[in-house]
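Engineer: sequence first, predicted coordinates after that:
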Protein chains: 2
Amino acid sequence: MTPSNRVTIRDVAKRAGVSVATVSRVLGGEYPVLAATRNKVVRAVRELDYVPNAHARALSAARPGAIAIVVNSVAVPYYALIAQGVEEQAAQEGRLSLICTTGGDTGRELSIVRLLREQRAEAVILVGSVVVDDEYRERMTEYAHALAAAGSRLVLCGRPPLGEGVPALVVGFDNTGGAHAVTAHLLSAGHRRILYLGLRPGHTTSDSRVAGYRAALAEHGVPADPGLEVEAEFDREAGYAAMRRRLAAGPPSFTAVFAGNDLVAAGAIQALREHGLRVPEDISIVGYDDVPPAQDLGLTTVHLPHDELGRTAVRLALGRLTPGPPSSGAPDGAGAARVLTLGTHIVVRGSVRRLGPPVAAR
Amino acid sequence: MTPSNRVTIRDVAKRAGVSVATVSRVLGGEYPVLAATRNKVVRAVRELDYVPNAHARALSAARPGAIAIVVNSVAVPYYALIAQGVEEQAAQEGRLSLICTTGGDTGRELSIVRLLREQRAEAVILVGSVVVDDEYRERMTEYAHALAAAGSRLVLCGRPPLGEGVPALVVGFDNTGGAHAVTAHLLSAGHRRILYLGLRPGHTTSDSRVAGYRAALAEHGVPADPGLEVEAEFDREAGYAAMRRRLAAGPPSFTAVFAGNDLVAAGAIQALREHGLRVPEDISIVGYDDVPPAQDLGLTTVHLPHDELGRTAVRLALGRLTPGPPSSGAPDGAGAARVLTLGTHIVVRGSVRRLGPPVAAR
DNA sequence: AGCGATCAGGTAACCGGTTACCAGCAGGAG
DNA sequence: CTCCTGCTGGTAACCGGTTACCTGATCGCT
């Protein structure tokens, strides 16, 4: 039916009555070619609907590779916004960019990374919180070496550095600082019993946020209460379910909620409403991330510069940015892992109520 | 510090003391190779950190290409959800999938399509509403032919078919039907003055929705009022701005709003609230798409099976699905344009109030 | 007219794999 | 003890471009 037999450069050359070299030159554009010859070639190309084979082309001449970002799911706004930043910066740098999703499946992640290094992608950007165990470290270290061997750069976003000799760049948000700030915001509004909703032991992002939460409580002299730290995955359903369970177990022992992220907050708000509790009149709530749903919910939250993270990752990967003085306040891992941290700030909307008399610690 | 000089299959062969063919066979997996030999090769591969060059590989052996989806922006939930569906189905079919974004830039779209056809992608899925003018038709027709010549299939989602001889498959939602249903929902709740917010003359999606809206009004004997059809892009800001302008111009002459999509509805709701109008007590509102924000807003809307659209696009592209009844056995080329339409249904939440005395709807 | 300098364009050697085809060598059959 | 057969593994011809190098023709100059 259709020309399933490929049109090659030799076909074009034959049709135009010239040699393959000439065709290649006309297409390349740089080499001087007589106008008449050029026209013949151009006409032949058009007539045959010729498309140069990218693989063959890439095989001989080295051309800039694509920039790939790998995320769990593109339907999660947090990832989508970061991907957006990557795309923008990549476009600005004249690179093509690709988004790949793993669905949280390690196997798919593996095959995507393999494919990307085979494609000689210029950079591979892995985004997203993970449980950092030995298996993970090992896997990432392998990725890093394999990608380096293939000439690609690896950038980790929102994950801890891998250690000394591992060729990977790291960017992340200041989760502890943001959590500290937003918790302090609740505290200074008079809240003392603040539920943290979104505990995920081992998960880097959640752990950092919990750390900020605890630090803020401690600073304000509020004793930590493990009963106020509730586990929940970072999605809407989990937030809803966890809050529902909590409310079903008895009347709320808290006046405010710090949700691990905005989606959790959204779910929690729904559960609160269904339980007849109003936000913020009865219960105050804050989120984290400042993704679009937060605006509709009127949620006070921590704004993350998502697109800046994406852009920074690309700039890092392309060497436009040097990862700062190695000693630049990275109390993280051991030595001078190359890490960049982006600041965050609170966005105050209407989901927090100021409690009556300030120091009235009921 | 790193081996910027590539490791080739010949290096591996030399190190393992075998021929390149053997290495290739070991890596390929199918060909029978003595265990001892295999081990030598595997060891050499590991020691050298060898990665086969995907381009060279693709050049000789034809392997399944990737499936690419091209959207405006991945930060728009509508696109993200469809992309999600594509990814899922592609993964299920054992294909790798890529998401590319154009940012609405025709130039970038062009270079992405060029790149994809050079890469011999198995399928290219273009998603999103557009203004269908001659320039557009011409551009798409060119894409279609070029992709076909390169052996890739083109699938259009949510766009009208291109015409007889053009090799492109089409899937879409039943926008007219959904708009009709949701308008009828408002009408049967007693609303007569319904503002359509989201007019975009020429834009396929909006046009279909307007058509459904008008048809429902006509069926219920409500005269069309051009003053109730307001222009707005399909995003939150546009919805907000348009509603704000409308309210600033005088007291609302409508009791209900049909927003072109959920984001427009979100913006409109914010504007209504800021203007002291409550939803649904003062003004009822419905949206379209049923993207996640709709849930938080408690918005009555039209649910689109986004992921089904993505999955269908992939199945179509891979020939798993024959495009519908139009003379089903039609050898392609001639015959009816190959179009598939997915049904939609209303999701009733709390954003519509039933007006006083139920006027006879019969 | 004779000569080298220019310039357009052709030839063929790559790029790094895959695989059709073939050769060596073992074991079993005659 | 041959001959055939089956299994392994090597050789080399592709895949479809790019480009270094070279040739033949044109042109300017003495």
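Structural biologist: Alright, I've got the coordinates.
Engineer: phi, psi for the nearest residue to residue A:356 once chain neighbours are set aside please.
Structural biologist: In this structure, residue A:356 finds its nearest non-sequential neighbour in residue A:190, 6.8 Å apart by Cβ to Cβ, 6 or more residues apart in numbering or on different chains. The C-beta positions use only the backbone N, C-alpha and C, and glycine is treated the same way. Main-chain dihedrals, residue A:190, degrees, to the nearest 10: phi 100, psi 0.
Engineer: so how far is residue A:152 from whichever residue of the stretch 201-350 of chain A sits closest to DNA strand D?
Structural biologist: Residue nearest to DNA strand D within the stretch 201-350 of chain A: residue A:318 (21.5 Å; Cβ to the nearest atom of the strand). As judged by Cβ to Cβ, to the nearest Å, residue A:318 and residue A:152 stand 12 Å apart.
Engineer: closest point of the stretch 101-250 of chain A to chain B, which residue?
Structural biologist: residue A:118 (3.5 Å; Cβ to the nearest Cβ).
Engineer: residues in contact with that residue?
Structural biologist: Counting by Cβ atoms under 8 Å, 6 or more residues apart in numbering or on different chains, residue A:118 makes contact with A:150, B:51-54, B:57.
Engineer: picking up where we left off before, ok, the residue nearest to residue A:356 to residue A:53 distance?
Structural biologist: Residue A:190 is 68 Å from residue A:53, by Cβ to Cβ.
Engineer: ok, residue A:214 next?
Structural biologist: Per Cβ to Cβ, residue A:214 is found 58 Å from residue A:53.
Engineer: again, but for residue A:209
Structural biologist: Taking Cβ to Cβ, one finds residue A:209 at 49 Å from residue A:53.
Engineer: between those two, tell me which one has more neighbours.
Structural biologist: The neighbour comparison of residue A:209 against residue A:53 (other Cβ atoms under 10 Å in any protein chain shown) goes to residue A:209, with 29 against 20.
Engineer: now do the phi/psi pair for the more buried one.
Structural biologist: The phi/psi pair for residue A:209 (degrees, to the nearest 10) is phi -70, psi -40.
Engineer: quick one: contacts for residue A:295?
Structural biologist: Residue A:295 neighbours (Cβ under 8 Å, 6+ apart): A:349, B:236, B:266, B:270.
Engineer: who wins for most neighbours among those?
Structural biologist: residue B:266 (27 neighbours).
Engineer: pretty sure residue A:197 sits in a strand.
Structural biologist: Yes - applying DSSP: H, G, I helix; E, B strand; the rest coil, one finds residue A:197 inside a strand.
Engineer: am I right that it is in contact with residue A:242?
Structural biologist: Yes - applying Cβ atoms under 8 Å, one finds residue A:197 in contact with residue A:242, separated by 5.9 Å.
Engineer: what about those two, which has more around it?
Structural biologist: residue A:197 (27 against 24).
Engineer: bridged to the more buried one, which residues?
Structural biologist: Taking DSSP bridges, one obtains residue A:230, residue A:259 as the residues bridged to residue A:197.
Engineer: got a list of what it touches?
Structural biologist: Contacts of residue A:197 were listed using Cβ under 8 Å, 6+ apart, and they are A:230, A:232, A:239, A:242-243, A:257-260, A:264-265, A:268.
Engineer: and the pLDDT at the most centrally placed residue in chain A?
Structural biologist: Geometric centre of chain A, nearest residue: residue A:127, 4.1 Å, by Cα atoms, centre = their mean. Looking at residue A:127, its pLDDT stands at 96.
Engineer: beta partners of it?
Structural biologist: Under the criterion used (DSSP bridges), residue A:127 bridges to residue A:157.
Engineer: show me what contacts residue A:256?
Structural biologist: A:186, A:189, A:191, A:193-195, A:283-286, A:352.
Engineer: who wins for most neighbours among the residues you listed?
Structural biologist: residue A:286 (30 neighbours).
Engineer: now that one: how far from residue A:250?
Structural biologist: Going from residue A:286 to residue A:250 by Cβ to Cβ gives 23 Å.
Engineer: show me what from the stretch 1-150 of chain A comes close to DNA strand C.
Structural biologist: Residues of the stretch 1-150 of chain A lying close to DNA strand C (Cβ under 7 Å from any atom of the strand) are A:17-22, A:32-34, A:36-37, A:56, A:59-60.
Engineer: which of those has the most neighbours?
Structural biologist: Counting neighbours by other Cβ under 10 Å, residue A:22 comes out on top of those with 21 neighbours.
Engineer: can the strand or helix carrying that residue be found next to DNA strand D?
Structural biologist: Assessed by DSSP states H and E, residue A:22 sits inside helix A:20-28. Yes - Helix A:20-28 is in contact with DNA strand D by Cβ under 7 Å from any atom of the strand, via A:20-21, A:23-25, A:27-28.
Engineer: which of the residues you listed tops the neighbour count?
Structural biologist: residue A:23 (28 neighbours).
Engineer: hang on, residue A:285 in a helix?
Structural biologist: No - under three-state DSSP, residue A:285 falls outside any helix and is assigned strand.
Engineer: rewinding a little: any idea how many residues pack against the residue nearest to residue A:356?
Structural biologist: 20.
Engineer: how about the helices in the stretch 1-150 of chain A?
Structural biologist: Applying DSSP state H, counting those that start in this stretch to the stretch 1-150 of chain A gives helices spanning A:9-16, A:20-28, A:35-48, A:54-60, A:77-92, A:106-118, A:134-149.
Engineer: distance from the second one to the middle of the chain?
Structural biologist: Computed by Cα atoms, centre = their mean, to the nearest Å, the separation of helix A:20-28 from the middle of its chain amounts to 42 Å.
Engineer: to which secondary structure element is the closest residue to residue A:140 other than its chain neighbours assigned?
Structural biologist: Of all residues not flanking residue A:140 in the chain, residue A:162 sits nearest, at 5.6 Å (Cβ to Cβ, 6+ apart). Assessed by DSSP H and E, residue A:162 sits outside every helix and strand.
Engineer: wait, doesn't residue A:162 sit right on residue A:154?
Structural biologist: No - counting by Cβ under 8 Å, residue A:154 is not a contact partner of residue A:162; they are 9.1 Å apart.
Engineer: who's more crowded, these two?
Structural biologist: Ranked by neighbour count (other Cβ under 10 Å), residue A:162 and residue A:154 place residue A:154 first, with 25 against 22.
Engineer: tell me who's in contact with the more buried one.
Structural biologist: Taking Cβ under 8 Å, 6+ apart, one finds A:123-124, A:126, A:143-144, A:147-148, A:167-169 in contact with residue A:154.
Engineer: do that again at 6 Å, thanks
Structural biologist: Shown in contact with residue A:154 (Cβ atoms under 6 Å, 6 or more residues apart in numbering or on different chains): A:124, A:144, A:147, A:168.
Engineer: what does residue A:236 give?
Structural biologist: Contact analysis of residue A:236 by Cβ under 6 Å, 6+ apart lists A:263, A:266-267.
Engineer: low-confidence ranges, chain A, go.
Structural biologist: A:1-5, A:323-338, A:357-362 (pLDDT under 70).
Engineer: get me the contact residues on it for DNA strand D.
Structural biologist: Counting by Cβ under 7 Å from any atom of the strand, the residues of chain A that sit close to DNA strand D are A:6-10, A:20-21, A:23-25, A:27-28, A:50, A:52-53, A:56-57, A:59-61.
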